[in-house]
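S.K.: the sequence and its predicted three-dimensional model are supplied below.
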There are 2 protein chains.
Amino acid sequence: MASITRFARTSSSSLQVSTRSAPLALTARNFSTVKFNNKDRKERVVILGSGWAGYSFAKDLDPEKYERIFISPRSYFVFTPLLASTAVGTLEFRTVLEPIRRLDYGIGFHQGWAQDIDFANKTIRVEANANADSASKAVVPIGQGGQLNQASARGALFDVPYDKLVIACGAYSQTFGIEGVREHANFLRDVGDARRIRLRVLSLFELCAYPKGVDNLTDEDRANLLHFAIVGGGPTGIEYASELHDLIHDDLSKMYPDLLKFVRITVYDVSPKVLPMFDQALSKYAMDAFKRQKIEIRTQHNIERVRPADGKLGSEYGELKLKIKQYGDKEVGAGLVVWSTGLMANPLIKQLASKDFAVPISPEDRAEARRPKAKLATDARTGGILVDEHFRVRIETQTTDAAKGSEIVPTSSSNSLLRDVFVLGDAAVIESQRTLPKTAQVAAQQATYLAKVLNKANEGVIDVKDAPGFKFRNWGVMTYLGSWKAIHQGPRDELRGWAAWVLWRSAYLAKSMSWRNRFLVPIYWLVSWVFGRGISRF
Amino acid sequence: MASITRFARTSSSSLQVSTRSAPLALTARNFSTVKFNNKDRKERVVILGSGWAGYSFAKDLDPEKYERIFISPRSYFVFTPLLASTAVGTLEFRTVLEPIRRLDYGIGFHQGWAQDIDFANKTIRVEANANADSASKAVVPIGQGGQLNQASARGALFDVPYDKLVIACGAYSQTFGIEGVREHANFLRDVGDARRIRLRVLSLFELCAYPKGVDNLTDEDRANLLHFAIVGGGPTGIEYASELHDLIHDDLSKMYPDLLKFVRITVYDVSPKVLPMFDQALSKYAMDAFKRQKIEIRTQHNIERVRPADGKLGSEYGELKLKIKQYGDKEVGAGLVVWSTGLMANPLIKQLASKDFAVPISPEDRAEARRPKAKLATDARTGGILVDEHFRVRIETQTTDAAKGSEIVPTSSSNSLLRDVFVLGDAAVIESQRTLPKTAQVAAQQATYLAKVLNKANEGVIDVKDAPGFKFRNWGVMTYLGSWKAIHQGPRDELRGWAAWVLWRSAYLAKSMSWRNRFLVPIYWLVSWVFGRGISRF
């Protein structure tokens, strides 16, 4: 393992290295409130994660008032609602990406994984990761322990100090520990996932198009290879199924007319109903649309295993076998399994929640030798970190400086909050609003709220604790259903069919992050409509 | 190895399999001239290779008159003049790709490598290759023998019969057997190469941007990692150097201002002059432009070895060391080596040229038991296949059916031509025009010529041999020099600077193959100019 380097900031434009053995160079820091006009020393806000919460926050935080430092294993933000469109070639991949370094040229960025956080000394341990390939995939837990990703733990380690910390590292894909999912299924959360899915679908068609008899490929093999299995009937799974239907119906049908008879798309879900966030009427509308498009919906089906078939075709494009409880020993063949069954706690969050730490103290308290120990409070059901309505982290303090393993006694827990640490998005659970869904909409609203509060706090207009608490405003939910139809359920209205599809496209265009992509996305919509989707494979 | 399947055509829309042990099912074929109105049985033209020659030919050949079957390891044509622009993010990758299956939906396509050709029985042995990853890289010889690519020889084998065959499989990148080039240098001939180069350049900047001290990276390391070495001073190498300069100057300089002082771009060439196809004045203009842009040109420099440095940073983004004859034992560090030193014969061509084969006979001659043996005639200097001015293959026939290894005596060689086999582009050498360069322009003109001749021959207007021979028409040469400047040398005129750059862009746009890309390319030029180049890494 590489040596660990520590940095202390002495000015806003340079970093100085202190050796590991030296005392932490925190004396130069100023814990008192930084005034707006103090140009020499802006408060440093470190943001962990470049998803909806982290990126929206960084975008809205005023760079005149704070120094912003991003730490993320990937170098961009993904506009996830349109990711499924890139997975079928309607949009080019980069039209849903916003590079962090383009946010504005003054942003600080260290590409890497946050491995640990020292709340007492206000530093983050980062593992360098400039390797683009490992960064573009959805992160899935290795084994069932949910450890930090050991496969990539090869980068150099270094520490980054913060004044304020915003933890927005999201959640991992939930696999429920089902055998073979991590190895053989495809997730659809990052652009690398979309690229692999796109390549695989197109390659499967090319493979099945070889003349009869090549590699002893039978029509049964073709029917299995062109069976596209989607596990999880939430918006991600449903939208991917719909977009895949469009790709096959609009484009591949012309190029591979003889293969159409083999194609099947199936969505599996354990619950009795897909798209549970929509009311009965919209849900029925969706089911009817799928029936017309021959997308099969299999509710109350439990996948028990995914394995590669004993293939004639090598592992890369070989057939997969799904063991499904309802079918007993008879396995279902598929060429592609897309897995979108929800989220589980991020291992960094698990690790932070599992251990005691010394409570940070202000310089005035520094003389006091013994500091109280504390623990992050978590939501028992989801494992998320409990925060108040200002996204400040709730901690459980110990009354005595007890030895490790002793009982922790929370005291006046409602008042114990970790200074200068905020958690946003999927990693956070607001104590008073525990039922908020883990969606992009929620994360983005939280981020915008917190950025505004901190911008005002820096001006001395308000203190964070005096700001009105966060309130989620439901903008409604939308799902694309294929063939230029969608459903929209707002707080007071609903819409279906072509009009909902127009709303779906307009809303996503309006929310798209940069002018560059606001310009390019409709051009690709036009190009795909006029000339067909992008089908070149590389 | 998988079993081998043979196909015989019985109608224009279906393929039938015959087992290997059965006699070759050629009886259903009709070797006599196919008439234009014979709708039941169009002549099948098989095209090997989807580069400039093969793709242009397929595009111009009339599908009403011929059945077109493409065999190519990759699924698309690459518009190579703009490939360097995709390698720096000015253009999106797919804007320089034309999928074969989009050519029109009636085209036949088998993705795979032509492993061998049986001229006597008019069949091609194909190795299936639907693996997108291996297909998108420039093919470089393994070892020095120039064998067929063994690394990919894992696909199923099958035979495809032809009536007419157009060999347009191009050439391989020339490495001169220099140690480490194949393993550690990047070529720039296919879109997979461009993708790897783009990722690597951007990742190197990210890596060097880590705070001082991380992984003990010194400023000397940074200077080595941000040294971009281009070997070969032809248009490919020069244009990549120029585009890279623009990327760094226009975009990366804003994101990584502290790193600019470490950046160096060097072009190495063995000859005394780069861009040898331009006259003295244009060449001097180019050299002055490079000087202003701080691109170093090192002529008369011989690279002797490329190896990875004993790195702190792992192999993927580790430093490379170049051993250069002129510097003796002192090696030059670099983060990227782009290799573009020219072409060498394709191993399929080598293999075909090295062996005897039975001369194909018409059905009328079928009774004759003993057929004469023959050998393809090749150009001694380049190894290319000798063709006449109609791209028909010259063969050297044996007077006797001599045992293998006996002396081959060419007889009246100027008259011996292989029936129905044509060679185009880099693989061909026209006997009477041996000095034609191996360029896209030459290949495309040859392809268009042959397609027109065959279209007319099919109408019975002319016989191939009576058509006027191919004449190359020099449209001039152009090279981009960076900073919106270019040089153009036409047969009777020349142009330099901004005007030449406008011509460069207009000409490429006009020649771009599809309306889709003719529409998208200028949009990306605009987007890159207004918003900056695409810098997201994945």
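M.R.: Received it, and whenever you're ready, just let me know what you need.

S.K.: so where do the helices sit in the stretch 101-250 of chain A?
M.R.: Secondary structure of the stretch 101-250 of chain A (DSSP state H, counting those that start in this stretch): helices at A:132-135, A:181-184, A:191-208, A:219-225, A:235-246.

S.K.: and chain A, what are its domain boundaries?
M.R.: Listed by automatic domain parsing, the domain ranges of chain A are A:41-174+A:344-466, A:181-341.

S.K.: ranking the ones you listed by mean pLDDT, which is last?
M.R.: When those are compared by mean pLDDT, domain A:41-174+A:344-466 comes last with a mean of 82.

S.K.: what about that domain, near chain B?
M.R.: Yes: judged by CB under 8 Å from any CB of the partner chain, domain A:41-174+A:344-466 and chain B are in contact via A:74-76, A:92-94, A:97-99, A:101-102, A:105, A:109-111, A:128, A:130-132, A:135-136, A:154-156, A:158, A:160. In this view, the C-beta of every residue, glycine as well, is placed from N, C-alpha and C.

S.K.: out of the residues you listed, which sit inside strands?
M.R.: Using DSSP state E, A:76, A:97-99, A:109-111, A:128, A:158, A:160 are the members of the residues of domain A:41-174+A:344-466 next to chain B that sit in strands.

S.K.: format these as TSV; extra columns: neighbour count.
M.R.: Output for these, formatted as TSV (neighbours: other CB atoms under 10 Å in any protein chain shown):
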residue	neighbour count
A:Tyr76	25
A:Leu97	28
A:Glu98	20
A:Pro99	21
A:Phe109	21
A:His110	22
A:Gln111	27
A:Ala128	24
A:Phe158	27
A:Val160	24
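
S.K.: export those to TSV and append columns for distance to B:Thr479.
M.R.: As requested, those are exported to TSV (distance: CB to CB, whole Å):
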residue	distance to B:Thr479
A:Tyr76	33
A:Leu97	32
A:Glu98	34
A:Pro99	30
A:Phe109	36
A:His110	39
A:Gln111	35
A:Ala128	39
A:Phe158	43
A:Val160	45
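
S.K.: do you know how far the residue of chain A most remote from its centre is from A:Gly318?
M.R.: What lies farthest from the middle of chain A is A:Gly213; by CA atoms, centre = their mean that is 43.5 Å. A:Gly213 sits 18 Å away from A:Gly318, taking CB to CB, to the nearest Å as the criterion.

S.K.: got it, and A:Arg41?
M.R.: Distance from A:Arg41 to A:Gly318, by CB to CB: 59 Å.

S.K.: repeat that for A:Arg392.
M.R.: On the measure of CB to CB, A:Arg392 and A:Gly318 end up 50 Å apart.

S.K.: what do you get for A:Gln115?
M.R.: In terms of CB to CB, A:Gln115 sits 36 Å off from A:Gly318.

S.K.: same question, A:Leu61
M.R.: As judged by CB to CB, A:Leu61 and A:Gly318 stand 48 Å apart.

S.K.: between those two, which one's more packed in?
M.R.: More crowded of A:Leu61 and A:Gly318, by other CB atoms under 10 Å in any protein chain shown: A:Leu61, with 25 against 17.

S.K.: check contacts around the closest residue to that one other than its chain neighbours.
M.R.: For A:Leu61, ignoring the flanking residues on the chain, the nearest one in space by CB to CB, 6 or more residues apart in numbering or on different chains is A:Ala451 at 4.5 Å. Taking CB atoms under 8 Å, 6 or more residues apart in numbering or on different chains, we find A:Ala451 in contact with A:56-57, A:59-62.

S.K.: follow-up on the earlier one: switch the domains of chain A over to CSV; also include distance to B:Val338.
M.R.: Below are the domains of chain A laid out as CSV (distance: least, CB to CB, whole Å):
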stretch, distance to B:Val338
domain A:41-174+A:344-466, 18
domain A:181-341, 24
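
S.K.: close to chain B: what parts of the stretch 151-300 of chain A are there?
M.R.: By CB under 8 Å from any CB, the part of the stretch 151-300 of chain A that sits against chain B consists of A:154-156, A:158, A:160, A:190-192, A:195, A:199, A:202-203, A:206-207, A:209-216, A:254-255, A:257.

S.K.: just the buried members of those residues?
M.R.: Among these, those classed as buried by 16 or more other CB atoms under 10 Å in any protein chain shown are A:155-156, A:158, A:160, A:190-192, A:195, A:199, A:202-203, A:206-207, A:209-215, A:255.

S.K.: for the nearest residue to A:Arg195 once chain neighbours are set aside, give me its contacts.
M.R.: Spatial nearest neighbour of A:Arg195, chain neighbours left out: A:Phe93 (6.4 Å); criterion: CB to CB, 6+ apart. When contacts are counted by CB under 8 Å, 6+ apart, A:Phe93 touches A:86, A:191, A:194-195, B:538.

S.K.: could you rerun that using 7 Å?
M.R.: When contacts are counted by CB atoms under 7 Å, 6 or more residues apart in numbering or on different chains, A:Phe93 touches A:86, A:191, A:194-195.

S.K.: can you dump the C-alpha atoms of stretch A:89-98 in CSV for me?
M.R.: This file holds the C-alpha atoms of stretch A:89-98, laid out as CSV (Å, rounded to 0.1, in the frame of the first residue of the first chain):
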residue,chain,number,x,y,z
GLY,A,89,-28.6,4.4,-29.2
THR,A,90,-31.3,7.1,-29.2
LEU,A,91,-28.8,9.4,-27.5
GLU,A,92,-25.1,9.5,-27.6
PHE,A,93,-23.5,8.7,-24.3
ARG,A,94,-21.9,12.1,-23.7
THR,A,95,-25.2,13.9,-24.0
VAL,A,96,-26.2,12.6,-20.5
LEU,A,97,-22.8,13.4,-18.9
GLU,A,98,-21.6,16.6,-17.3
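
S.K.: quick one: it to chain centroid distance?
M.R.: 17 Å (CA atoms, centre = their mean, to the nearest Å).

S.K.: the helices in chain A, which residues?
M.R.: A:52-60, A:83-86, A:132-135, A:181-184, A:191-208, A:219-225, A:235-246, A:253-255, A:280-293, A:347-354, A:440-458, A:498-511, A:515-531 (DSSP state H).

S.K.: and of those, who's closest to B:Val423?
M.R.: Proximity to B:Val423 (CB to CB) singles out helix A:191-208 among the helices of chain A, at 26.6 Å.

S.K.: which residues does the closest one contact?
M.R.: By CB under 7 Å, 6+ apart, helix A:191-208 touches A:78, A:83, A:86-89, A:93, A:97, A:136-138, A:186-188, A:222, A:225-226, A:244, A:252, A:256, A:259, A:262, A:313, A:317, A:335-336, A:338, A:535, A:537, B:75, B:111, B:130, B:132, B:538.

S.K.: what angle do that helix and helix A:235-246 make?
M.R.: Going by axes from the mean of the first three to the mean of the last three CA atoms, to 10 degrees, helix A:191-208 is angled at 30 degrees with respect to helix A:235-246.

S.K.: centre of the chain to helix A:191-208, how far?
M.R.: 22 Å.

S.K.: can you count the residues close to the closest residue to A:Arg94 other than its chain neighbours?
M.R.: Leaving aside its sequence neighbours, A:Arg94 sits nearest to B:Gly534 (CB to CB, 6+ apart; 5.0 Å). Using other CB under 10 Å, B:Gly534 has 28 neighbouring residues.
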